[in-house]
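Asker: predicted structure and sequence below. I'll ask about it afterward.
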Number of protein chains: 2
Amino acid sequence: MIDTTDLTRNQDLVFKALVDAAVPLSAYTILDRLRDSGLRAPLQVYRALNTLCEKGLVHRLESLNAFVACARPDCHRHETVAFAICDQCNQVSEFSDTEVEARLDAWVRGREFRAERTTIEIRGTCKGCAG
Amino acid sequence: MIDTTDLTRNQDLVFKALVDAAVPLSAYTILDRLRDSGLRAPLQVYRALNTLCEKGLVHRLESLNAFVACARPDCHRHETVAFAICDQCNQVSEFSDTEVEARLDAWVRGREFRAERTTIEIRGTCKGCAG
DNA sequence: TTTGGAAATGTTATAGCATTACATGACTTG
DNA sequence: CAAGTCATGTAATGCTATAACATTTCCAAA
Ligand SMILES: [Zn+2]
Ligand SMILES: [Zn+2]
Ligand SMILES: [Zn+2]
Ligand SMILES: [Zn+2]
């Protein structure tokens, strides 16, 4: 289980901003929303985001250059998490698939490639927006 | 099979720069390497890259903000291509796995999500660099 | 041959994302 | 207290990508 009690002030502000948004936010959007709370510079946000990502409370979405609060407290049981991202409403669905993990792992092991971090992002349109 | 004969001047320059490099390059690195060939502005490179990506001759690597020449002339038979990227030597291995595609497709179809573009990128260390 | 449309190009400026460098402060531990 | 570590503050800079607009090239239809 993930611990949210030992966050510093800035980390807590950034995390709460992402949880409130419920959709991915860029670092600069987070900064704008936290200026009234005292944040002044991008680096304050990026530092908090780095720590939050390391703790697994936040995920970086590479194809958006944005960050989203983790939707699944147990996602750390998986090495790899996948994201389905709706380009209309920005909703993100986070999931994992052990078979996908196994196939990718088999591929890299077969080539003696040491995997550190895997990104899986599906961009498209969600059910509600396609309707 | 992919056709490389109908490229415009700028597209051809950018494509050859990527083929020569054999590793991913950022748009600005490409621009630097092509200044002697007449390119002056980022947009000239980005426009060529967009076209090359649409044709499937080039892939964008989201986790690097960089571009790489397609290594597999037949990769278009697959909706989805995966990349193993060595952070030491920058070598990229491009592959596809129909089972991975099928599992991801099953997930999105189950939620009536319409997938447009899927990114799979594995960052790590290749066999040669791990020693 | 002319003409009109589509696509590519050239150029400047600007917007958006991320890090470097350095100084300061808070807190712990011996 | 002194030293070490971690978080913070601030300014400056660098990297990535697009907007806006003018011009040129090419090709096909009239
Ligand atoms: Zn998660
Ligand atoms: Zn949607
Ligand atoms: Zn390819
Ligand atoms: Zn390597």
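Answerer: Sure thing, it's come through. Ligands and ions are numbered 1, 2, ... in the order given.
Asker: please enumerate the helices of chain A.
Answerer: Taking DSSP state H as the test, the helices found in chain A are A:9-21, A:27-33, A:42-55, A:98-110, A:127-130.
Asker: redo these as CSV? Include mean pLDDT.
Answerer: Putting the helices of chain A into CSV (pLDDT from 0 to 100) gives the following:
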stretch, mean pLDDT
helix A:9-21, 97
helix A:27-33, 98
helix A:42-55, 97
helix A:98-110, 98
helix A:127-130, 96
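Asker: burial count for whatever residue of chain A ends up closest to ligand 3?
Answerer: At 15.6 Å from ligand 3, residue A:107 is the closest residue in chain A, using C-beta to the ion. All C-beta spots, glycine's among them, are computed from the backbone N, C-alpha and C. Residues contacting residue A:107 under the criterion other C-beta atoms under 10 Å in any protein chain shown number 19.
Asker: just give me how far stretch A:114-131 sits from the chain centre.
Answerer: 12 Å (C-alpha atoms, centre = their mean, to the nearest Å).
Asker: that older thread, was I right about the residue of chain A closest to ligand 3 contacting residue B:97?
Answerer: Yes - using C-beta atoms under 8 Å, residue A:107 and residue B:97 qualify as a contacting pair, with a distance of 6.5 Å.
Asker: give me the common contacts of the two.
Answerer: Common contacts of residue A:107 and residue B:97, defined by C-beta atoms under 8 Å, 6 or more residues apart in numbering or on different chains, comprise residue B:82.
Asker: one step back: what's the closest of the helices of chain A to ligand 1?
Answerer: Across the helices of chain A, closest to ligand 1 is helix A:42-55 (C-beta to the ion), at 10.3 Å.
Asker: other residues contacting that closest one?
Answerer: Taking C-beta under 8 Å, 6+ apart as the rule, helix A:42-55 contacts A:2-3, A:7-8, A:10-11, A:13-15, A:27-28, A:30-31, A:34, A:39, A:58-60, A:67.
Asker: residues contacting residue A:58?
Answerer: Here residue A:58 is in contact with A:14-15, A:18, A:49, A:52, A:67-70 (C-beta under 8 Å, 6+ apart).
Asker: one more pass at 7 Å, please.
Answerer: By C-beta atoms under 7 Å, 6 or more residues apart in numbering or on different chains, the contact set of residue A:58 is A:15, A:18, A:49, A:52, A:67-70.
Asker: most surrounded residue in these?
Answerer: Of all the contacts of residue A:58, residue A:67 has the most neighbours under the rule other C-beta under 10 Å, reaching 26 neighbours.
Asker: show the pLDDT at that one.
Answerer: If you check residue A:67, the pLDDT there is 98.
Asker: tell me the spacing between whichever residue of chain A sits closest to ligand 4 and residue A:38.
Answerer: Ligand 4 sits closest to residue A:113 of chain A, with a gap of 8.7 Å, by C-beta to the ion. Noted for residue A:113: a distance of 44 Å to residue A:38, by C-beta to C-beta, to the nearest Å.
Asker: residues of the longest strand along chain A that come out buried?
Answerer: When chain A is parsed with DSSP state E, its longest strand is strand A:114-125. For strand A:114-125, a neighbour-count test (16 or more other C-beta atoms under 10 Å in any protein chain shown) marks A:115, A:118-125 as buried.
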